[in-house]
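Colleague: I would like the atomic coordinates for the input below:
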Amino acid sequence: MMEIAFWFIASLIFYGYFGYVVFMAIVSRFVNNPVNKGAIEPRLTLLIAAYNEEKDIAAKLDNALALDYPPDKLEIMVVSDGSTDGTDEIVRSFHNRGVRLVRVEGRKGKTVSQNEAVRHASGEIIVFSDATTVYDPLALRMIVRNFNDPSVGCVTGRLRYVSGKNSSVSAGEKSYWEYEVMVKKFQSEVWTLTGATGCIYAVRKTLYTPLPADIISDLVEPLAILQKGFRVVFEPEAIACEAACEGKSDEMKMRRRVVARGIRGFIYMRALFNPLKNPWLFFQLVSHKLIRWLFFELAFIMLLINLFLLPRSLYVLTISMQALFYLSALAGYFLQRLRWFKAGALGYPLYFVLIHAASLFGAWEVLGGRKNVTWETNR
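Modeller: Predicted structure coming up:
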């Protein structure tokens, strides 16, 4: 029985990271639902969420104003979530260039700020962005062309991480997002995604659903659109660039917050978790999200079972492989602390362990009833 449990958990972990993407790659070769793209120019609102972004907001607005889209059809709006630095003053200095400021008093959090800003937006399509994200000049046109298809309710672009310091965490983060790009490509080709990239995604304003403060909008907003019968698609040519987290603590905080609010989002959208009513969507959510969020819990149980299966030679090998992986992550951690050394290849197991430890803490946060609706600028 223990052997069955061990190999079941091992298979589940392997499937979550390798089997699922291979399965989606195979399915996409036989089931393909292309988007009917077209050169359309609806009115857009580029909505930039900001909290104490005085270091980056001017560069972001210069980037937004330089995007290739008709100025008379583009509204640029910054929603400031109770910023206490010079963010609002900098945004106001762009007023003569057509930039609008919506200030939310009292630090309500990103989701509530977005809810408020959408009410004031004039665009048919709302494009959500962050103050630290730089868009490719053609990003808006690439996103909008997908809305020519009436079945499309949400479009997410492609995030590329850049790093001047090239820390091991950054290297691991960039590799993780390249893997995510591959998964999103296959999901979109087959039918739909189950989430969006928070710094570059767009929705039809008529489909936007105001969400509670403790819900992660870039996961739940697409799910709400799916619930209304519309697709969420991936546009790889809509490119945004952002600096990768250079520190372990920054990455841990970000991942913990994302997972905690993601789990709450799943609870909020629990009606979709009906394998009889939404079998394909249920399959995608479990395969792409839930298994990975529960990695540490599964890996810990597998390790405990492995100890009981010793000293048989096969299980000496499996526990040695696990020990080698975790020791590699630990070595990467210490090498990164010695700043004159690069962790190199050890940065990959380090990042893998890091994000899943953060997922574990995020799950504990939900179980403990703690709610975190605000965010700090880490990048």
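Colleague: in the longest helix along the chain, what counts as buried?
Modeller: Longest helix in the chain, counting residues (DSSP state H): helix 313-337. Neighbour counts over helix 313-337 (16 or more other Cβ atoms under 10 Å) mark Tyr315, Thr318, Ile319, Ser328, Ala329, Gly332, Tyr333, Leu335, Gln336 as buried. Yep, even glycine has a C-beta here, placed from its N, CA and C like the rest.
Colleague: Does anything pack onto that helix? Which helices or strands?
Modeller: Packing partners of helix 313-337 (3 or more Cβ pairs under 8 Å, 6 or more residues apart in numbering; DSSP states H and E): helix 2-14, helix 168-190, helix 295-308, helix 347-367.
Colleague: Where in the chain is the helix or strand with the lowest mean pLDDT?
Modeller: Here the helix or strand of the chain ranked lowest by mean pLDDT, DSSP states H and E is helix 248-268, holding a mean of 78.
Colleague: Return the set of buried residues in it.
Modeller: Of all the residues in helix 248-268, those buried under the rule 16+ other Cβ under 10 Å are 248, 250-266, 268.
Colleague: Could you tell me the angle between that helix and helix 347-367?
Modeller: Helix 248-268 runs at 50 degrees relative to helix 347-367, counting by axes from the mean of the first three to the mean of the last three Cα atoms, to 10 degrees.
Colleague: quick one: contacts of the next helix or strand after helix 248-268?
Modeller: Next in sequence after helix 248-268, counting helices and strands by DSSP states H and E, comes helix 279-285. Contacts of helix 279-285 from elsewhere in the structure, counted by Cβ atoms under 8 Å, 6 or more residues apart in numbering, are Gln187, Trp191, Thr192, Thr194, Leu226, Phe266, Leu272, Phe273, Asn274, Pro275.
Colleague: before we move on, back to that, please identify which pair of the buried residues of helix 313-337 lies farthest apart.
Modeller: Tyr315 and Gln336 (31.8 Å; Cβ to Cβ).
Colleague: Pull up the pairing partners for the longest strand anywhere in the chain, direction included.
Modeller: For the chain, the longest strand by residue count, based on DSSP state E, is strand 231-243. When sheet partners are counted by DSSP bridges, strand 231-243 sits next to strand 134-135 (antiparallel), strand 152-162 (parallel).
Colleague: what residues are up against Ala357?
Modeller: Shown in contact with Ala357 (Cβ under 8 Å, 6+ apart): Met252, Phe296.
Colleague: what do you get for Lys60?
Modeller: Contacts for Lys60 (Cβ under 8 Å, 6+ apart) come out as Ile48, Glu53, Ser129, Ala131, Thr132, Thr133, Val134.
Colleague: How much space separates the nearest residue in space to Thr318 that is not next to it in sequence from Leu317?
Modeller: Nearest non-adjacent residue to Thr318, counting by Cβ to Cβ, 6 or more residues apart in numbering: Asn306, 5.8 Å away. Distance, Asn306 to Leu317, by Cβ to Cβ, to the nearest Å: 10 Å.
Colleague: And Ser83, by the same measure?
Modeller: Distance from Ser83 to Leu317, by Cβ to Cβ: 55 Å.
Colleague: Give me the helices and strands touching the one helix or strand Ile48 maps to, please.
Modeller: Using DSSP H and E, Ile48 falls within strand 44-50. Here strand 44-50 touches helix 57-65, strand 74-81, helix 110-120, strand 125-130, helix 139-144, going by 3+ Cβ pairs under 8 Å, 6+ apart.
Colleague: Tell me which of those lies nearest to Glu3.
Modeller: Glu3 lies closest, by Cβ to Cβ, to one member of the helices and strands packed on strand 44-50: helix 110-120, at 45.4 Å.
Colleague: Contacts for the closest one, please.
Modeller: With Cβ under 8 Å, 6+ apart as the criterion, helix 110-120 contacts 47, 49, 51, 77, 79-81, 100, 102, 104, 108, 126, 128, 205, 208, 210-217, 373-375.
Colleague: By neighbour count, which bits of that helix are buried? Give me those.
Modeller: Lys110, Thr111, Val112, Ser113, Gln114, Asn115, Glu116, Ala117, Val118.
Colleague: between those residues, which is closest to Phe234?
Modeller: Checking the buried residues of helix 110-120 one by one against Phe234 (Cβ to Cβ), the nearest turns out to be Gln114, at 21.0 Å.
Colleague: shaky segments in the protein?
Modeller: Scanning the chain for pLDDT under 70 picks out the ranges 163-173, 245-251, 339-344, 370-379.
Colleague: quick one on the thing from earlier: and the residue nearest to Thr318, how far is that from Phe325?
Modeller: Distance, Asn306 to Phe325, using Cβ to Cβ: 13 Å.
Colleague: With Leu310 instead?
Modeller: Separation of Leu310 from Phe325 (Cβ to Cβ): 18 Å.
Colleague: got it, and Leu307?
Modeller: Using Cβ to Cβ, one gets 16 Å for the distance from Leu307 to Phe325.
Colleague: Need the buried residues of helix 313-337 in JSON lines (columns: distance to Arg141).
Modeller: Output for these, formatted as JSON lines (distance: Cβ to Cβ, whole Å):
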{"residue": "Tyr315", "distance to Arg141": "56"}
{"residue": "Thr318", "distance to Arg141": "51"}
{"residue": "Ile319", "distance to Arg141": "53"}
{"residue": "Ser328", "distance to Arg141": "43"}
{"residue": "Ala329", "distance to Arg141": "42"}
{"residue": "Gly332", "distance to Arg141": "40"}
{"residue": "Tyr333", "distance to Arg141": "43"}
{"residue": "Leu335", "distance to Arg141": "43"}
{"residue": "Gln336", "distance to Arg141": "40"}
